[in-house]
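S.K.: coords please:
(chains A, B and C, ligands or ions: 4)
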Amino acid sequence: MVEKKIYSKLGEKLANGDFILTGELEPEKTCDLSHTIQEAKEMAPYVVAANVTDSPLGIVTINSMAASHIIQKEAGLEVIWQLTVRDVNKLGIAGMIMGGHALGLRNVLSLTGDHPALGDMPESKPVFDLDSATLVRLVKEMVDKGTINGHEIEHPPTLHVGAAANPNADPMEAEILKIGRKAQAGCEFIQTQVVYDLDRTIEFLSEIKKYNVPVLLGIFPMKSYGIAKGFDTFVPGVDVPKDILAKWKNIKTEFKDDKKEQKRVYDQANYEFFKPFISELKRKGLLAGVHCMAVHYPRIFPKLMEVIQA
Amino acid sequence: MTVITTKKPFEEILSVLKDVKKIGLVSCGSCAAMCQTGGTEGAKEMAEKLEKEGFEVIVTIVPEEVCDNRLMMKDFRQIDEDLKNIDAILTLSCGLGVASIVKALERKYPLIPVFIGTNTEFMGMTERIGRFYMHCRGCGDCLLNETGGICPITTCAKSLMNGPCGGMVNGKCEVGNYEKDCGWVLIYNRLKALGRLDLFSKLRDPVNWSESGHQREVVWR
Amino acid sequence: MVVITTKKPVEEVLNVLKDNNAKKLFLVSCGVCSALCQTGGEQGLEEWKEILEKEGYEIVNGLVVDDVCDNREMAKVVRKNDADIQNADAIVTLSCGLGVQSTIEVLSKKHPQKKVFVTNNTEFMGMTERIGRFYMRCRGCGDCLLNETGGICPITTCAKSLMNGPCGGMVNGKCEVGNYEKDCGWVLIYNRLKEIGRLDLFSKLRDPVDWSESGHQREVIWR
Ligand code: SF4
Ligand code: SF4
Ligand code: SF4
Ligand code: SF4
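M.R.: Ligands and ions are numbered 1, 2, ... in the order given. Alright, predicted model coming up:
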């Protein structure tokens, strides 16, 4: 049996089979990352690593490779560098993989990326030279074989490569088969889109279990009613259940005069929703951990630690 | 009559038809006929090859234009009996032909697989039969009136809007061993000859891609 | 007969003519694709004659040509109308972009200085549902995949031209691009392959498109 090589803390925890927590950071249209670094520092004691997004929704932000490097250096938190195939062709991406390694990045998440037409520079040429599966394959070739397109790399990079999955996808079977392709390409971990429907999640995770890739389930603890409502409205294909929205609305009105208490109650409500949800999936052996996608909500992490340790 | 097609290797077609025995052959009488990938000749040639390999060619039609839904519906109505009896359709047309056939069959025979025997290359200018050139890529916002009638999107290897890139030597492009003309040198020469170098000096915006690509359609009624 | 064209705004064309000081015009109208798209043919020719004459231009000649994009056809036209071409300040083609370049090529020996302008934008190679309903369904990638994708082209029906879709951006089978109004190409492919019992083709990991031969003055030459 080939010994699995380990390049990062994330790689190590996954290899050990530890149940882990990862977070998410969303750099914005700015050259100053101090807010993001602050947030990274706050979540650092709880998470193994945090994702750094790559111009989500096609809205231009600071480059994710640069931001990943700065955050990792300044906040001392390992990052999962998100890299979309939207903006750079394969020649450029291969160069970025070597650059990312040289800058100390050891985890990369392969994504298709939202189409430029959705964002704030819609005239941009949509590249998509690779896709999310062939990017995984390229990284694996570079890392495992030390080559690019058959050409030798003098000092090859060492990174773990993951991919995304969407349990809400319809038709589900198409998504499952697609994960099969990513697994075939050599994907080492999966982070899922946020999902609220437990039955659907169980069905989905059970189906992809056969690919033997550790899965981190995407969750979105909701800091306030406004954020829950916004998520429900603006994230296509994900619906926040009606009863949750009602409960959060209730918290909003009931505690409107005591902000401190309101925060506590929101946090508790998140805990109460996610604890049974995660426990059930953990018990069934379907998960390797949880990926918290709520940005600007670092105070929830101690509670989430309790959830995953339960 | 300008969609340029070439033949797929026959082995590739055979491997696709693995589980198929009875075939309906559709061969385009228009562009593909001109490119000698379709038409009556192409159909005959293909039918012979297939029969030699043990396939049964149940029916052959040579529609005037496979890419026109209306014509395909008419033609299919006439061979309705045969359609019931075939495992698959093989079309000798451009890729549009397949879309058109699938659409024409979608109500009555949604499950008949449709295969294609050609590769679709480009919209081509014809010098003569056997010499076809790509000179337009259908960008949707034609620049020719500003570039002396020479299209930078097709004649420049980088589709630059503000060329040349500096990669030309003696007017030849760096791409392809300095054998082809640099598109932007052609444009420069022509604008100079026409006394319109002012147009050459103009700084042009990048191509606007926001409306490009996705299931484009032109619908006006 | 499937190169789909649309009309440039009249203003744009008039500006070009003014800017180039072209007063005496020779009109060449495509009798094939552009006639079908009603941007050329007899009808387009009449329209443009009227517009231009009203604006004070002199129409030296106006012809409908069977295939403007065919050098052989254009060579005939040029031979027969040499005097008029000589006399015109510019040729205006009611055709696709190929027509313009075909005209220039044919004129290159005898009238290399003759200006050639175009009244249309060239959109794509289109499938015709009926007159006035044309759809892009093939982009001429040169290495047709349709035999593996159930006859549905991912390069044209997927907004990202993915080889290994869907991207996850679809909701109820509709694509994230364009407000969830158009079908996701890869869901269409999935549905079709499922119907015809060929999901094995869907599971296949496909290589990226090979761009090495794309783009630059492509040609097909076999004699
Ligand atoms: S600029 Fe080129 S690609 Fe665009 S329509 Fe004109 S000839 Fe075609
Ligand atoms: S040498 Fe000329 S044709 Fe070639 S890429 Fe440069 S500008 Fe374009
Ligand atoms: S795969 Fe699509 S773009 Fe390529 S030749 Fe076939 S139909 Fe045309
Ligand atoms: S939603 Fe479907 S059609 Fe749209 S970009 Fe994604 S895979 Fe392509």
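S.K.: Grab the longest strand from chain C for me.
M.R.: For chain C, the strand reaching the highest residue count under DSSP state E is reported as strand C:120-130.
S.K.: Would you agree A:Pro302 falls within a helix?
M.R.: Yes. Using DSSP: H, G, I helix; E, B strand; the rest coil, the assignment for A:Pro302 is a helix.
S.K.: Name all residues that make contact with it.
M.R.: With contacts defined as Cβ atoms under 8 Å, 6 or more residues apart in numbering or on different chains, A:Pro302 is in contact with A:Tyr46. All C-beta atoms are positioned from the backbone trio N, CA, C, and that covers glycine.
S.K.: Would you mind giving the domain segments of chain C?
M.R.: For chain C, automatic domain parsing gives the domain ranges C:3-124, C:143-223.
S.K.: rank those by pLDDT, which is bottom?
M.R.: Summarising mean pLDDT across the domains of chain C, the least confident stretch is domain C:143-223, with a mean of 90.
S.K.: Now look at that domain and say if it contacts ligand 2.
M.R.: No. Applying Cβ under 6 Å from any ligand atom, one finds domain C:143-223 separated from ligand 2 by no less than 7.1 Å.
S.K.: so does that domain get close to chain B?
M.R.: Yes. Interface with chain B: domain C:143-223 contributes C:143-144, C:146-148, C:150-153, C:156-159, C:161, C:175, C:177-178, C:182-183, C:185, C:195-196, C:198, C:215-223 (Cβ under 8 Å from any Cβ of the partner chain).
S.K.: So which of the residues you listed sit within strands?
M.R.: The subset of the residues of domain C:143-223 next to chain B that ends up in strands is C:219-221, with DSSP E as the criterion.
S.K.: Which positions within the helix or strand that contains A:Ala40 qualify as buried?
M.R.: Element membership of A:Ala40, judged by DSSP states H and E, is helix A:34-43. For helix A:34-43, the neighbour count (16 or more other Cβ atoms under 10 Å in any protein chain shown) marks A:36-37, A:39-40, A:42-43 as buried.
S.K.: For PyMOL, write the selection for the buried entries among the residues of domain C:143-223 next to chain B.
M.R.: Of the residues of domain C:143-223 next to chain B, the buried ones can be selected in PyMOL as follows, counting by 16+ other Cβ under 10 Å:
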select buried, chain C and resi 144+146+147+148+150+151+152+153+156+157+158+159+161+175+177+182+183+185+196+215+216+217+218+219+220
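S.K.: just the residues of domain C:143-223 next to chain B that are near ligand 1?
M.R.: With the criterion set as Cβ under 6 Å from any ligand atom, no member of those is near ligand 1.
S.K.: which helices and strands sit right next to the longest helix seen in chain C?
M.R.: The helix that spans the most residues within chain C, counting by DSSP state H, is helix C:41-54. Where contact means 3 or more Cβ pairs under 8 Å, 6 or more residues apart in numbering or on different chains; DSSP states H and E, helix C:41-54 is packed against strand C:24-30, helix C:33-36, strand C:58-65, strand C:90-94.
S.K.: go with 6 Å
M.R.: For helix C:41-54, the packing partners by 3 or more Cβ pairs under 6 Å, 6 or more residues apart in numbering or on different chains; DSSP states H and E come out as strand C:58-65.
S.K.: ok, now how distant is A:Arg299 from chain C?
M.R.: Counting by Cβ to the nearest Cβ, to the nearest Å, the separation of A:Arg299 from chain C is 30 Å.
S.K.: That residue: neighbour count?
M.R.: Residues within reach of A:Arg299, counting by other Cβ atoms under 10 Å in any protein chain shown, total 13.
S.K.: which SS class is it?
M.R.: Under three-state DSSP, A:Arg299 falls in the helix class.
S.K.: Next: A:Gln82.
M.R.: Secondary structure assignment for A:Gln82 (three-state DSSP): strand.
S.K.: confidence score at it?
M.R.: With respect to pLDDT, A:Gln82 has a value of 98.
S.K.: isn't it right next to A:Ala50, touching?
M.R.: No. The pair A:Gln82 and A:Ala50 does not pass the contact test of Cβ atoms under 6 Å, sitting 10.4 Å apart.
S.K.: A:Met65 and ligand 4: what is the separation?
M.R.: The span separating A:Met65 from ligand 4 equals 24 Å under the rule Cβ to the nearest ligand atom, to the nearest Å.
S.K.: is it fair to say that residue lies in a helix?
M.R.: Yes. Read with three-state DSSP, A:Met65 is one of the residues of a helix.
S.K.: re the thing from before, following element in sequence after the helix holding A:Ala40, please.
M.R.: In the C-terminal direction from helix A:34-43 (assignment by DSSP H and E), the next one is strand A:49-52.
S.K.: so how far is that next one off the chain centroid?
M.R.: From the chain centre to the centre of strand A:49-52 is a distance of 7 Å (Cα atoms, centre = their mean, to the nearest Å).
S.K.: Would you mind checking the average pLDDT for that strand?
M.R.: Computed over strand A:49-52, the mean pLDDT rounds to 98.
S.K.: in stretch A:184-203, what's buried?
M.R.: Going through stretch A:184-203 with 16+ other Cβ under 10 Å, the ones that come out buried are A:185-196, A:201.
S.K.: Closest one of the residues you listed to A:Ile278?
M.R.: Using Cβ to Cβ, A:Thr201 comes nearest to A:Ile278 of these, at 10.2 Å.
S.K.: so how far is chain C from that closest one?
M.R.: Per Cβ to the nearest Cβ, A:Thr201 is found 16 Å from chain C.
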